[in-house]
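In: what's the 3D shape of this:
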Amino acid sequence: MKATFKFVFLLSLFLSILFSFTGCARKAPCLQCAQGDAANKEAQWKALNYKVVELIQKGQYRDATKQAKEAVQVAEKTLGKEHPFTATSLNNLGELYRIQKQYREAESNYKKSLAIREKVLGKDHPDVSLSLNNLATLYLLQNNYTKAEHLYKQAIKIVEDKLGKENATLETPLTNLAEMYKKQGKYFEAELILKRILTINEKTRGKEHPLYAKTQNDLAAVYFLEGKYKEAEPLFKSTLSILEKQLGKNHPELAVVLENIAEVYKKTGDENKAKTFTKRAHAIRASATVKS
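Out: Model prediction:
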């Protein structure tokens, strides 16, 4: 069965609307000027980070990295080396290095960001959980499961204590922890976490949301790996139904789910149904290739 899970990373980027500022004709410093200058610095920093996001979305990681480095320099120079915005820029630079598999550089920037957030915001601040999650995911990619598990659990506890045990923010570290258990073959542990995420999704987003469908798909994948094909089939089909309603019957995201259902039927010996779902998946992929 093809892997269907995609890591979810949180970039604490500021994308708020920027303001324009007028200069002050007074020669001596005044409160209005000081406030305007601070806002101007923030606006400059936000503009740089907005550009980073645009470049990431376009897949232009080299240019995005260059902009991210500039954002760090601007934040350090204008706002201070221990400002929360500086931490955010370092986190985003670390994320870019992670995407490009430059893990040593990614770890260094994640740790710098984490240290600033813990010092300035406090070790129990939700932004600290973001840094812990990203650093944990980096360790997961390097198969350092002991470090990853410890940091994921720290991130989860911070969110639970500060925002509640059913807050949507928990979905990211919980999903990543479940994926780690799945990679280790700890299917029972992964199953329990994914069921918890489904409960959170249902309460915060509803059963028709694509993220609810994705979690169903992940749980079905665990059942498949456990050989629980009867449990996997209805979840995969429910996932397909939700995505068809929300994204349309020919959306590229459906291809993976269709292939998963086909794999279930192959395992249960129903080759005709397997061929039907495989054929539809191929048609969707072919259509997507032509459009791109």
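
In: C-alpha only now, for contacts and for neighbours.
Out: Fine.

In: this structure: helices as residue ranges?
Out: Using DSSP state H, the helices of the chain run over residues 31-57, 61-78, 84-99, 103-120, 126-141, 145-163, 171-183, 187-204, 210-225, 229-247, 254-267, 271-291.

In: burial count for L192?
Out: L192: 12 surrounding residues under other Cα atoms under 10 Å.

In: any chance of the helices of the chain in CSV, with mean pLDDT too?
Out: Putting the helices of the chain into CSV (pLDDT from 0 to 100) gives the following:
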stretch, mean pLDDT
helix 31-57, 74
helix 61-78, 93
helix 84-99, 94
helix 103-120, 97
helix 126-141, 95
helix 145-163, 97
helix 171-183, 95
helix 187-204, 96
helix 210-225, 95
helix 229-247, 96
helix 254-267, 96
helix 271-291, 92
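
In: who are the contact partners of the residue lying closest to Q100 once chain neighbours are set aside?
Out: In space, not counting the residues next to it along the chain, Q100 is nearest to Y61; the distance is 7.6 Å by Cα to Cα, 6 or more residues apart in numbering. Counting by Cα atoms under 8 Å, 6 or more residues apart in numbering, Y61 makes contact with L55, L96, Q100.

In: contacts only, for the second one.
Out: If I follow you right, that is L96. L96 sits next to Y61, A64, T65, A106 when contact means Cα under 8 Å, 6+ apart.

In: tally up the residues packed near the last one, please.
Out: Applying other Cα under 10 Å, we find 24 residues neighbouring A106.

In: so it makes contact with Y97?
Out: Yes. Under the criterion of Cα atoms under 8 Å, A106 is in contact with Y97, at a separation of 4.9 Å.

In: in a markdown table: the contacts of L96, plus distance to K245.
Out: Putting these into a markdown table (distance: Cα to Cα, whole Å) gives the following:
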| residue | distance to K245 |
| --- | --- |
| Y61 | 33 |
| A64 | 35 |
| T65 | 37 |
| A106 | 39 |
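
In: which single one of those is nearest to K147?
Out: Each of the contacts of L96 was checked against K147 using Cα to Cα; the closest is A106, at 15.5 Å.

In: so what's the closest one closest to, chain neighbours aside?
Out: Leaving out its chain neighbours, the residue that sits closest to A106 by Cα to Cα, 6+ apart is G94, at 4.0 Å.

In: what's the neighbour count on the one you found?
Out: Every residue meeting other Cα under 10 Å relative to G94 is counted, giving 29.

In: let me see the contact set for the residue nearest to T268 when sequence neighbours are not counted.
Out: With sequence-adjacent residues excluded and distances taken as Cα to Cα, 6+ apart, T268 is closest to Y229, at 7.4 Å. The neighbourhood of Y229, defined by Cα under 8 Å, 6+ apart, consists of Y223, V264, K267, T268.
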